[in-house]
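> only geometry, no sequence info:
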């Protein structure tokens, strides 16, 4: 009887030792793969083909965790934009945005997910500004310069009051959204996006007009334009382009990770999934409220949480008991 007990103990110890070695190997493999998920950027991530949406737009990333739908172009241009976005996945996000912004400007491209954000939060933003103006008892007695300075502060306060804040210049997004772009569209057709962008970088109207560079007719036409409004419109184009590029990239990597879910989820070392954000002053209240939130192994959270979201998912590894 004793030898049976001793044999059982020896076998148990061997089994525990082998299991411990196996767990450590598995932990090392998993941690290596997790690091690879963060540091590696594959050249190709299948986000799906460009497909027609029910409302006659084009879904750029139909298989993504955050599909983006654009309007104002035909299928050829939509595929061209997707190609730029896909080729830029291993590049700098600002360069990707810069590459698609001429197309966004030329075709007056709208993005459904950006428009939905503006539709939801811009009224809140405007209401907050109006409430602050109403709180200034001598508003009517102030000079235009004083009003302009206060409104600038009120806009910043209004943005900080929003629960969801995409990573972009929200003031430009809201203020440039309703500008009448028909005149600027004509300029794009006549002189090209790059020419106009070059001149808008000049600080003063006089610098532009007196420089004598470029097209004489263009310089002449600028005399009748409100350059501050024109500049705002161009900034708006750049913010829309950035949001499209940024969200496309974030959702592409999230899509890759989500498709790895079954493989990682089956590991006995994955105890939970955790949502983490950029942890800086630009994180919106909504994302901050979910910081470090844990999800069970079978419930992999999908990110981005909203347009312009920077949240990512990581795993919580079981500790050796």
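That came in fine, so what should we check first? Everything quoted here is computed from the prediction, not taken from an experiment. Numbers count the residues shown, from 1 in each chain.

> can you tell me the average pLDDT over stretch 123-138?
Mean pLDDT, computed over stretch 123-138, is 96.

> got the contact list for that stretch?
Under the contact criterion Cβ atoms under 8 Å, 6 or more residues apart in numbering, stretch 123-138 has outside partners 139, 142, 150-151, 154-155, 157-159, 161-162, 170, 174. Where you see a C-beta, it was placed from the backbone N, CA and C, and this is true even at glycine.

> same thing but at 6 Å, please
139, 154, 158, 161, 174 (Cβ atoms under 6 Å, 6 or more residues apart in numbering).

> ranges for the strands of the protein?
51-52, 58-59, 69-71, 110-111, 270-276, 294-295, 312-317 (DSSP state E).

> any chance of the ones you listed in CSV, with distance to residue 255, mean neighbour count and mean pLDDT too?
Shown next, in CSV, are these (distance: least, Cβ to Cβ, whole Å; neighbours: other Cβ atoms under 10 Å; pLDDT from 0 to 100):
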stretch, distance to residue 255, mean neighbour count, mean pLDDT
strand 51-52, 15, 14, 97
strand 58-59, 13, 23, 98
strand 69-71, 16, 22, 98
strand 110-111, 18, 20, 96
strand 270-276, 16, 17, 83
strand 294-295, 17, 13, 86
strand 312-317, 12, 18, 83
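
> With distance to residue 234 as extra columns, can I get those in TSV?
Shown next, in TSV, are these (distance: least, Cβ to Cβ, whole Å):
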stretch	distance to residue 234
strand 51-52	30
strand 58-59	24
strand 69-71	19
strand 110-111	16
strand 270-276	34
strand 294-295	41
strand 312-317	31
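
> So which of those is nearest residue 84?
strand 69-71 (12.5 Å; Cβ to Cβ).

> In its sheet, which strands sit next to the closest one, and in what direction?
Applying DSSP bridges to the sheet, strand 69-71 is found paired with strand 58-59 (antiparallel), strand 110-111 (antiparallel).

> Which two of the contacts of stretch 123-138 have the greatest separation?
139 and 174 (21.2 Å).

> Of these two, which one has the most company?
Ranked by neighbour count (other Cβ atoms under 10 Å), residue 139 and residue 174 place residue 174 first, with 23 against 13.

> for the more buried one, what are its contacts?
122, 125.

> ditto for the one 5 residues further on
The contact partners of residue 179, taken as Cβ under 6 Å, 6+ apart, are residue 233.

> just residue 300 next, same as before
Applying Cβ under 6 Å, 6+ apart to residue 300 gives the contacts 261, 273.

> Make 46 the first number, not 1, from now on.
In the new count, where the first residue is 46, that last one comes out as residue 345.

> how much space between it and residue 295?
For residue 345, the distance to residue 295 (Cβ to Cβ, to the nearest Å) stands at 16 Å.

> One more: residue 237?
31 Å.

> on that earlier part again, need the contacts of stretch 168-183 in CSV with distance to residue 145, can you?
Below are the contacts of stretch 168-183 laid out as CSV (distance: Cβ to Cβ, whole Å):
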residue, distance to residue 145
184, 41
199, 32
203, 29
206, 31
219, 21
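
> and which of those is nearest to residue 158?
Nearest to residue 158 among the contacts of stretch 168-183 is residue 219, at 15.5 Å by Cβ to Cβ.

> From residue 148, how far out is that closest one?
For residue 219, the distance to residue 148 - Cβ to Cβ - is 23 Å.

> What of residue 197?
Distance, residue 197 to residue 148, by Cβ to Cβ: 31 Å.

> the more surrounded of those two?
residue 148 (19 against 10).

> ok, now which ones touch that one?
Per Cβ under 6 Å, 6+ apart, neighbours of residue 148: residue 126.

> Test for you: state the pLDDT assigned to it.
At residue 148, pLDDT is 93.

> what's the spacing between it and residue 129?
For residue 148 relative to residue 129 (Cβ to Cβ), the value is 8 Å.

> shared neighbours, those two?
Joint contacts of residue 148 and residue 129 (Cβ under 6 Å, 6+ apart) do not exist.

> Distance of the nearest residue to residue 139 once chain neighbours are set aside relative to residue 130?
Closest residue to residue 139 apart from its sequence neighbours, by Cβ to Cβ, 6 or more residues apart in numbering: residue 287 at 7.3 Å. Distance, residue 287 to residue 130, using Cβ to Cβ: 12 Å.

> Residue 114 contacts residue 97, correct?
No - the pair residue 114 / residue 97 is not scored as a contact, 9.9 Å apart, by Cβ atoms under 6 Å.

> Let me have the strands paired with strand 114-116 in CSV, adding distance to residue 241 as columns.
Shown next, in CSV, are the strands paired with strand 114-116 (distance: least, Cβ to Cβ, whole Å):
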stretch, distance to residue 241
strand 103-104, 26
strand 155-156, 20
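
> quick one: low-confidence parts of the stretch 196-345 of the chain?
225-231, 240, 243-270, 307-314 (pLDDT under 70).

> And the helices in it?
Using DSSP state H, counting those that start in this stretch, the helices of the stretch 196-345 of the chain run over residues 215-221, 227-236, 238-245, 250-256, 261-267, 272-304, 306-310, 330-334.

> Before I go, just wanted to say thanks for your time.
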